[in-house]
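> Have a look at this fold, sequence not included:
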C-alpha cells in the first residue's frame with residue numbers, strides 16, 4: 001500500500017500526498033486523481049474543502065510543529 005502524508009504548510013493549507021478518499025459528513029466522495037491535494041485550513045476558501053489561496057489574502061497565520 002502506498003504511503004500517505006499530510007503536511008500542514010505554515011500559514012497555508014494541509015498538503016495531502018498519496019492515494020486518499022475524501023468523504024464529506026454525508027458520505028459523499030470528492031473524486032480526485034491528483035497525487036497531491038491542498039485542503040483549506042483558514043476556512044475562507046470558496047472551493048471548500050480545497051484550498052483556493054484565500055489564506056494569503058486574509059492574512060491567515062498558523063505554524064504547526066510536531067512536539
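Everything's here; your move. Everything numeric in this text was worked out from a predicted model, so none of it was measured.

> Which residue comes closest to the residue most central in space within the chain once chain neighbours are left out?
Nearest to the geometric centre of the chain sits residue 39, at 1.5 Å (C-alpha atoms, centre = their mean). Taking C-beta to C-beta, 6 or more residues apart in numbering, and ignoring the residues beside it in sequence, residue 39 has residue 14 as its nearest neighbour in space, at 4.4 Å. Backbone N, C-alpha and C define where each C-beta goes, glycine included.

> Residue 15 and residue 7 touch, don't they?
Yes. With contacts counted by C-beta atoms under 8 Å, residue 15 reaches residue 7, the gap being 4.6 Å.

> quick check: mean pLDDT across stretch 40-55?
Mean pLDDT, computed over stretch 40-55, is 96.

> now stretch 15-28
Average pLDDT, stretch 15-28: 93.

> what's in contact with that stretch?
With contacts defined as C-beta atoms under 8 Å, 6 or more residues apart in numbering, stretch 15-28 is touched by 2-9, 29-30, 32, 35-39, 49.

> In this structure, what residue spans correspond to helices?
Under the criterion DSSP state H, helices of the chain are mapped to 54-58.
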